[in-house]
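Student: Just need the structure, nothing else, for what follows:
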Amino acid sequence: MSSFRKALKSRQRNHHERSQPGARKHLGLLEKKKDYKLRADDYHKKQNTLSALRKKALEKNPDEFYFNMINSKLQDGVHIATKDTEEVEVTEEQRKMMRTQDIKYVEMKRVAEVKKIERMKAELHLLDADSKQKNKHTFYVDSKKEVESFDLATHLNTAPELVDRVYNRPTLKTLETKSIQGAVQPRSVQKLARQRKNQYKILSQRIDREKKLFVISQKIQTRKDLQDKAKKVKVKKETTSSAAIYKFETKRKR
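Tutor: You can find the predicted model right below:
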């Protein structure tokens, strides 16, 4: 029973690493085991790296050659390319698309966007479009008094809610005889206006997407043309909105 009581952890004494003796305090802090472990791990990691590099150098093929040997130099321990490479202005989206997709796929997506744009234009008829020229309708009256009391809704014989519409503006007689959806209630008119504005926004986004796809396809085609060994001269640099333009040497077809 006494041996079991001695083995209890609650009665055991916590043993700590000793601190630096007073006579050796001028030497600094005494290294603990956790400090030694960090230092030892770092030392062994460096030794293993040196051993792996030494082995790689011994097993290297003396006949091996790659162009980076002559196109780079070591400066302050860092490899720097010495060959002058032109900085091409390409967005990250264009670079990613050109790496992963082919020109046929890009053209297919662009043609699909063009068809959707034409379909939306046919449905909307570009009504109330911002880019459309605003028409002016001038009314002539006989006196200034009529100008002050002039009411556009009364003159056009239509509801006041429909005055701002440049299309499908029915008269009061038509509204009385026929049921036209969204022509009387102002809320319905505002709802239709919001829906139409949303459609114009989608149409604008599709037009921008089609332009971006066209630029990407042009850049891919230019890179394919540059693989030809014919002599060429750069006429225009590549930008984010246009591909580079090259002038190739004319060849006579036999």
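Student: So which bits of the biggest helix by length in the chain are buried?
Tutor: What stands out as the longest helix in the chain, according to DSSP state H, is helix 186-225. Residues of helix 186-225 classed as buried by neighbour count (16 or more other C-beta atoms under 10 Å): 189, 200, 203, 206, 210, 212-220. C-beta: built from backbone N, CA, C; applies to glycine.
Student: how about the strands in this protein?
Tutor: 72-75, 78-81, 232-236, 245-248 (DSSP state E).
Student: With distance to residue 193, mean neighbour count and mean pLDDT added, can I get those strands in TSV?
Tutor: Listed next are the strands of the chain as TSV, based on distance: least, C-beta to C-beta, whole Å; neighbours: other C-beta atoms under 10 Å; pLDDT from 0 to 100:
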stretch	distance to residue 193	mean neighbour count	mean pLDDT
strand 72-75	62	10	82
strand 78-81	58	9	81
strand 232-236	44	11	84
strand 245-248	44	13	86
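Student: so where is the stretch 151-254 of the chain shaky, pLDDT-wise?
Tutor: Confidence mapping of the stretch 151-254 of the chain against pLDDT under 70 gives the ranges 161-168, 175-176, 178-189, 254.
Student: May I have the predicted confidence score for the residue most central in space within the chain?
Tutor: When the chain is reduced to its mean C-alpha position, the nearest residue by C-alpha atoms, centre = their mean turns out to be residue 93, at 5.1 Å. With respect to pLDDT, residue 93 has a value of 72.
Student: Which residue is the nearest non-sequential neighbour of it?
Tutor: The shortest distance from residue 93 to any residue other than its chain neighbours is 7.6 Å, reached at residue 212 (C-beta to C-beta, 6 or more residues apart in numbering).
Student: so how far is residue 119 from that neighbour?
Tutor: 20 Å (C-beta to C-beta, to the nearest Å).
Student: what number of residues lie near the nearest residue to residue 217 once chain neighbours are set aside?
Tutor: Nearest residue to residue 217 in three dimensions, chain neighbours excluded: residue 106, at 4.6 Å (C-beta to C-beta, 6+ apart). Using other C-beta atoms under 10 Å, residue 106 is surrounded by 22 other residues.
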